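Q: Sequence below, structure please.
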Amino acid sequence: MDTPIVIWFGFAALVAALLALDLGVLHRKARPILVGEALWLSLFYLVLAAVFAGGVFHFRGSADGYAWLTGYLIEKSLTRSIHDSAAIAGASRGRCA
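A: You can find the predicted model right below:
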């Protein structure tokens, strides 16, 4: 890989900072998340992903940019289908009990 080690350390620091923000500040206590809060958090992470994709396109070229964007979209669609399946399974369990 031709990516400088400084970039990798910066990326790791960014991920650690986002985890600390998400788990240590935003979700410190176990509580239900309201729809509005979930929408704002989703928008924040989508914008962050778009900025990251722009950086990949700019610094690594269009081939790597499209590869990253394709992987991101596949991951989002699979995550969505897993959540939908869990919701359907949970709803059917509730009716049978």
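Q: where along the protein do the helices fall?
A: Ranges of helices in the chain, per DSSP state H, are 5-19, 35-60, 62-96.
Q: out of these, which comes closest to residue 29?
A: Distances from residue 29 to each of the helices of the chain were compared using C-beta to C-beta; the minimum, 13.3 Å, belongs to helix 35-60. Any C-beta I mention is one placed from the backbone N, CA and C, and that applies to glycine too.
Q: that older thread, can you say which of the helices of the chain is nearest to residue 25?
A: helix 5-19 (10.4 Å).
Q: Tabulate the helices of the chain (JSON lines), appending mean pLDDT and mean neighbour count.
A: Output for those, formatted as JSON lines (pLDDT from 0 to 100; neighbours: other C-beta atoms under 10 Å):
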{"stretch": "helix 5-19", "mean pLDDT": "93", "mean neighbour count": "10"}
{"stretch": "helix 35-60", "mean pLDDT": "92", "mean neighbour count": "12"}
{"stretch": "helix 62-96", "mean pLDDT": "78", "mean neighbour count": "11"}
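Q: how's this structure carved up into domains?
A: 1-31, 33-97 (automatic domain parsing).
Q: And the last one, how far out from the chain middle?
A: Pointing back at domain 33-97 there. Its chain's average C-alpha position is 6 Å from that of domain 33-97, according to C-alpha atoms, centre = their mean, to the nearest Å.
Q: same check, this time on stretch 6-24
A: Taking C-alpha atoms, centre = their mean, one finds stretch 6-24 lying 13 Å from the centre of the chain it belongs to.
Q: Dump the C-alpha coordinates for that stretch into CSV.
A: In CSV, the C-alpha atoms belonging to stretch 6-24 read as follows (Å, rounded to 0.1, in the frame of the first residue of the first chain):
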residue,chain,number,x,y,z
VAL,A,6,0.5,9.2,9.2
ILE,A,7,-2.7,8.9,7.2
TRP,A,8,-3.5,5.6,8.9
PHE,A,9,-2.8,7.0,12.4
GLY,A,10,-5.0,10.0,11.5
PHE,A,11,-7.8,7.7,10.4
ALA,A,12,-7.5,5.5,13.5
ALA,A,13,-7.6,8.7,15.7
LEU,A,14,-10.7,9.9,13.9
VAL,A,15,-12.5,6.5,14.4
ALA,A,16,-11.5,6.5,18.1
ALA,A,17,-12.8,10.1,18.5
LEU,A,18,-16.1,9.3,16.8
LEU,A,19,-16.5,6.2,19.0
ALA,A,20,-15.8,8.2,22.1
LEU,A,21,-18.3,10.9,21.0
ASP,A,22,-21.0,8.4,20.1
LEU,A,23,-20.6,6.0,23.1
GLY,A,24,-19.2,8.3,25.8
